[in-house]
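Chemist: from the sequence below, what's the structure:
(2 chains)
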Amino acid sequence: MTLFLHIFILLPVLGFIISLLVPAPKEGVISGVAFGTVGLHLASTLGFIGYWLLNGRPILNIKDIVLFKATGYEFFIDFCFDEIAATYLFVGSFLTFLVTIYSRYYLHRESGYKRFFNTILFFYVGYNIIILSGNLETLFVGWEILGISSFLLIAFYRDRYLPVKNAVKVFSIYRIGDVGLILAMWMSHHLFHENITFLKLNNYELVHEHLQSHTWIGVFISIMILISAAAKSAQLPFSSWLPRAMEGPTPSTAIFYGSLSVHLGVFLLLRTYPFWEHQLSVRILIAVLGLLTAVITTGIARVQSSVKSQIAYASIAQIGLIFIEVAAGLEMLAMFHFAGNAFLRTYQLLVSPSVVSYLIREQFYNFSPRAHSIEHFFPKKLEYTLYLLSIKEWNLDSLMYRYLWNPLKWAGNKMNFLTVNRLLIFFIPTYVIGLVCLYNEELIPTNIHAYLPIFFSLIGLLMVLKSFTERRKAPISWILVIMNHFWIALAISFNEHFKNDQTILYLSGIIASGVLGYFCLTKLKSIEGNIDLDQFHGHSYKHPKLAFIFLMACLGVSGFPITPTFIGEDLIFSHIHENQAILALSVSLSFIIDGLAIIRIYARIFLGPHVKSVYETAYRSS
Amino acid sequence: MKTHDSLFDEHAVLHDLKHFLPAQAPLKDFIHHNTLHAFQTDKFYEATQRASELFGYKVSLSLDEFRELYKSERIKKEVLDKIIVEKKGTKALKEWQNNLISKKYAPAALPRVGALRANWKKHYRIDLDSLVHPILFRVLCSYLDQGISIWNFPIKDKTFLASMRELEKNSFSSIFRASRAKDLLLNNSCEISSLLKILVGKKELYQQYLYDQQFAHQGWSGMVSAIEDQPQTLLDRRKISLHDVVVFELLLEIDALDFHCGGDWQPLKERMIQAPTPLFAPVEKTELNEVLSLWQEAFEWSYYDQVLTGLQNKKKESVDSSRKSFQAMFCIDDRECSLRRYLEEFDPACATFGTPGFFGVEFFYQPEDGKFYTKVCPAPVTPKYLIKEIGNKHRRKKDVHFSKHSHSFYGGWLISQTLGFWSAAKLFINIFRPSMSPATASSFKHMDRFSTLTIENKHANHHENNLQIGFTIDEMAIRVENLLKSIGLVDNFAPIVYVIGHGASSVNNPHYAAYDCGACAGRAGSVNSRVISFMANHPKVRAILSDRGIVIPADTQFIGGLHDTTRDEIVYFDENTLSPKNQERHKKNETIFEKALDYNAKERSRRFESIDTTLSPQKIHEKIRTRSVSLFEPRPELNHATNALCIIGRRSLSKDVFLDRRAFLNSFDYQVDPEGKYLLNILNAAAPVCGGINLEYFFSRVDNQKLGAGTKLPHNVMGLFGVANGIDGDLRPGLPSQMIEVHDPVRLLMIVEHFPELVLKTIQKNPATYEWFINEWVNLAVINPETQEISVFRNGEFVPYNPLANHLDTVNDITSLLETHHENLPVYSLS
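Modeler: Numbers count the residues shown, from 1 in each chain, chains lettered A, B, ... in the order given. Below you'll find the model as predicted:
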């Protein structure tokens, strides 16, 4: 029975690969592949869950492939199946099946028909990996896939300005969630001295024993998990991304942001519940966050005058309530609530265009000019204040800018004096000196040695900040991203002695994809001339293949699970000690910005309105 | 442009600006109109090229598309050569052939609009639009919202600017980021020119700045302007004006600059290095534009030529004096064209007519329990009559999924855990067995067929809100007479005369109103068809008519009906008033209608890829019905796509020609109207209505991104009056790509069957109508009913035209043609 779990992963993977191979004009075949994959998946889900129920609902766990092993470190893929997985599997399978059929007709003749189904299947791969994962590492694989497929679906209309802008925005928030997860993995590795499975978390004695002596570590891990979950489920302060994600075709919006993707934060909490179950402060924190989100977003939902944003905020409010239910330990209720909310919002989004004829008719027959909502009975000043705040979404969107991205941009802009030549002149010698030091470590005084990792990682951080704010030359920005990883590798090498093969594992993917990406950029530059990063260029319009290859390179460089770098990243973190908060912060910050810088390069160069044709392109504001 | 005394005349600038903005009304009143109406005072080619240069619109197919059409012989070589010779002379033929077919042209330069405001980004490094638009759109949408929000805009009955002032004054929070703009709003009269002084600083640039600003979001500005001009278009009215929006936006811009530059910035003129080309400076002719207009001309005449050949070579009429089995009036709508052909095929003894679908009766309609009046006649007409529905037995069904409770705190908690599971089931059913639901916009819901209508005015004081309830006998007689004379049906009445209006059904379609009858102001034509039938059946009306020479036999009965063009179904009204004999005839006719509808569905299905056109008509019809209620079907029908012709004449003119549902057919008999009195009325309506439809399709097709609504798949409904992409986007007026993708952008060719001299005199009578023809926004041809000679209207006169192709292919069986082709078909003559 356990082995059957593989089917739920392999089936979508297979479907995804086949769908990539079908030529684009063959609508029937493309949607047929998607339909077949998802249909078969639903059938096996129903069969499997039935069989599993009859067998007394055992908790299944398989330790799968061990991808990397070193002393004290083991990176392995693990799957697990219980009530939570069963619920998510059923809801996901059922909704994806319906939405796939729906989209077969709905997207007819849309350019990007193939791209749409590719992305849906890719998303489905990620979704299944997440919900069936047995440890944080496996979950993280799916989490990354989901982030990228989200980006691609929001930017589905890649030749318009707003979808691309919003896709980058959403991606940046997802990135925060990713790093929350990386840090949680890092700490839990130090806590348990292994990549612990979710199953083991159920072992109260084990968890309790480890946590007793390290209370703050427990709290730290829980908070990182909460940040991750809150980002994914659009809880405060991240809520404003959800309505902005609704740029793709309505069915993809419905399934992603109406139902499945947005409830994965809840899933993460349900999965890790045994870990923080006994940390009362964390439970209170989660509940308070949920309540605050529910209250504020209900207010925002009430003032929304566009149908999709109204559904989005109403859904966030319900997820806030689900957070409370999870914190209260009402697992069954939370799952029930999740399923109901997912179904309801999917359907509401799918029928949202009907709202015009329906509500206009309602208005025609039932209009009363003096109707007021409950808020009208508030004191006037309170009413107006709350109304304005809700209209402005409590400034959530601009807060993100003001306190998160603007300081980064500010810092990056401070380094405008760095030109290519200066970079080469200053940093290459420094790096060489660093390498020399590394091989003659015994000569360095210990008090200096202790600061070297931080020093080098900060240089890496500078690189990536500069890359993130580079306006002129895309290749420079790209090289800076690559260099960042070298600095990190150097920094960590000072931190702990480990074999070179680990560094190679980490850098191999980066180097390969870095070269590939650089090649793409120079090729594009030779064809199109100027490729600055000051505006969107939309070159995927004329160079779709190059865009695809470059996207692959981007994924490789950002540590996506297609190259060994993915394991390397986790490995690098395992060499940061639990008391090295600054180092951890600096490295994780550079991972965040690194991902942003990369996706920014991709978006600016390949997405958005095509620079070379003002005519026939949509208005920027549309 | 008018010349102003001063450098900036606010009133005049706003007035002109409003004229250039999109004029589309809220979705529920979607009526087709010429998208570039502001340019209609000039000749078509000059005007569109000017529009292109000013606002960056694409106004024809691209050069590559034209060349592709030439290669596939859709544009004919002999037509192209003829046109080049006509316009450029024989000598230049070679050169221009080369220009058209192979010369390379550099892409057009940047449009003028936006150039001035672009200086903010260039010199201040600020992206003003992204700081201003989201909050501006959101506030506007909340103010105008018709019923999406639960907690709606707290201030009612005040103008937009006054409401914002009130809101700002009484709130701890603010729309603005910095203090200056708030101050200005609260303590200043906020003259546009004084705000522009802060922002721009140079009077000469004010006008251009406002165009740049408003055309950065022409969707919203156009909606505001449309609501300002016709506030009744919102059921829940709003006092908004473009002036208020401009003021508010200027304040937001000042605020954004204060925020971004820390209050330390200079007006635009200070840093601007070079003034951009003035927006309204003359537009120079380019060779590329000439090439494109020659292509356009060749594309159009390649098609027109076939049509005129077909109409000229029609078979000799055999005068058939036996009584018709039935007569049926339809709307002139191009969608009725094929249905009429099938009716005539299956019952050669019948006769069909076309006339604008409000059937000459103009009034407001109030359904039972309705809180408002609905206008059901052409948009420019303001009726003085009201018709009320009584005894509606139809109960409106509700759908809890649209209930706002699901968005509340506890309501949502309960609903998502209960109704949520019901939605899963509903979605499942809806995908596998689509069926009619409360969410469907169905033309049959417009009026309950078993209700009664207050058609006859009881007494002189029978009024409601300044509207007369029903029509008096005299008023009825005038309308019936006008209708019958205009279509030439004045004798030989059949026992039953059907008057069939039309409407459409669709689900998940915010543009539903565009699918209904344009002549009924975007509503179904059911009430009108019933009203005119009642009038024509009225014994007193008939008495007056017979005095005026129209004798309707006592056994002739008029009966109303409604054709649902999406589902291809017809319902009839007041069938029980038919005499027993006519009931029998009606039964027989009904089967013919049924069969014609099946075949009509089959003919339509050739355009739908999901339907196998080779199936039997009945099976296809079933699929067509399912299609109309499927949530996932963005193309329930294709509406007016491919329209290209308007034929005003007797049916005999067009009967033997296969026109592929591309023609508006308006019945007219020159013998009944030798002086052109009715012709004038027909042209007054047909030019703006058909021309408007045609040009909206034209421009939405050639520039779907800027003049159309783009693909409808990501559309988000804003405030129940418009659609936008995503939540922060500009409104998207125009037609979505799903409606226009099969459309060939050719201008309408109007063909009148009458004597050229008389037609010339007639069109000159009304300047508004004449403008359509003299400026070539609609092409006009005349067929002399006696000599069959064709002449076309060029530069104010009719010149003879001899079709190049003097022969058309004949088809015996169009079915096989339909089953094998899904593209636009050429004109065939029917055997």
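Chemist: hey, which helix is longest across chain A?
Modeler: helix A:161-192 (DSSP state H).
Chemist: let me see the mean pLDDT of that one.
Modeler: Regarding helix A:161-192, the rounded mean pLDDT is 88.
Chemist: now it: buried residues?
Modeler: By neighbour count with 16 or more other Cβ atoms under 10 Å in any protein chain shown, helix A:161-192 contains the buried residues A:161-191. Placement of C-beta: from N, CA and C, glycine included.
Chemist: chain center to the helix or strand that that helix is followed by: distance?
Modeler: Sequence order places helix A:198-201 as the next helix or strand after helix A:161-192, per DSSP states H and E. Remark: helix A:198-201 is offset 24 Å from the chain centroid, using Cα atoms, centre = their mean, to the nearest Å.
Chemist: likewise stretch A:231-238?
Modeler: 12 Å.
Chemist: cool, and stretch B:158-166?
Modeler: 33 Å.
Chemist: and the strands in chain A, which stretches?
Modeler: Counting by DSSP state E, chain A has strands at residues A:60-70, A:73-81.
Chemist: can I get those strands in a markdown table including distance to chain B and mean neighbour count?
Modeler: Supplementary listing: these in a markdown table, determined by distance: least, Cβ to the nearest Cβ, whole Å; neighbours: other Cβ atoms under 10 Å in any protein chain shown:
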| stretch | distance to chain B | mean neighbour count |
| --- | --- | --- |
| strand A:60-70 | 26 | 14 |
| strand A:73-81 | 22 | 21 |
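Chemist: domain assignment for chain B?
Modeler: Per automatic domain parsing, the structural domains of chain B span B:118-271, B:324-359+B:471-639, B:400-432, B:640-831.
Chemist: what's the helix or strand for whichever residue of chain B sits closest to chain A?
Modeler: As assessed by Cβ to the nearest Cβ, chain A sits closest to residue B:420 within chain B, at 2.8 Å. Here residue B:420, judged by DSSP H and E, is contained in helix B:409-432.
Chemist: after that helix, which helix or strand is next?
Modeler: Past helix B:409-432, the next helix or strand by DSSP H and E is strand B:452-453.
Chemist: distance of the closest residue to residue B:746 other than its chain neighbours relative to residue B:698?
Modeler: Distances taken as Cβ to Cβ, 6 or more residues apart in numbering or on different chains put residue B:300 closest to residue B:746, at 4.6 Å, once the chain neighbours are dropped. Separation of residue B:300 from residue B:698 (Cβ to Cβ, to the nearest Å) stands at 11 Å.
Chemist: mutual contacts of the two, please.
Modeler: B:746-747 (Cβ atoms under 8 Å, 6 or more residues apart in numbering or on different chains).
Chemist: the closest residue to residue B:120 other than its chain neighbours and residue B:14, how far apart?
Modeler: What sits nearest to residue B:120 in space, not counting adjacent residues and going by Cβ to Cβ, 6+ apart, is residue B:128, at 4.9 Å. Distance, residue B:128 to residue B:14, by Cβ to Cβ: 21 Å.
Chemist: ok, residue B:674 next?
Modeler: 48 Å.
Chemist: what do you get for residue B:56?
Modeler: Counting by Cβ to Cβ, the gap from residue B:56 to residue B:14 is 22 Å.
Chemist: residue B:300 and residue B:698: which has the busier surroundings?
Modeler: residue B:698 (28 against 21; other Cβ atoms under 10 Å in any protein chain shown).
Chemist: nearest residue to that one other than its sequence neighbours?
Modeler: That would be residue B:745: by Cβ to Cβ, 6+ apart, it lies 4.7 Å from residue B:698.
Chemist: pLDDT weak spots in chain A?
Modeler: Applying pLDDT under 70 to chain A flags the ranges A:71-72, A:370-371, A:420, A:498-499, A:613-616.
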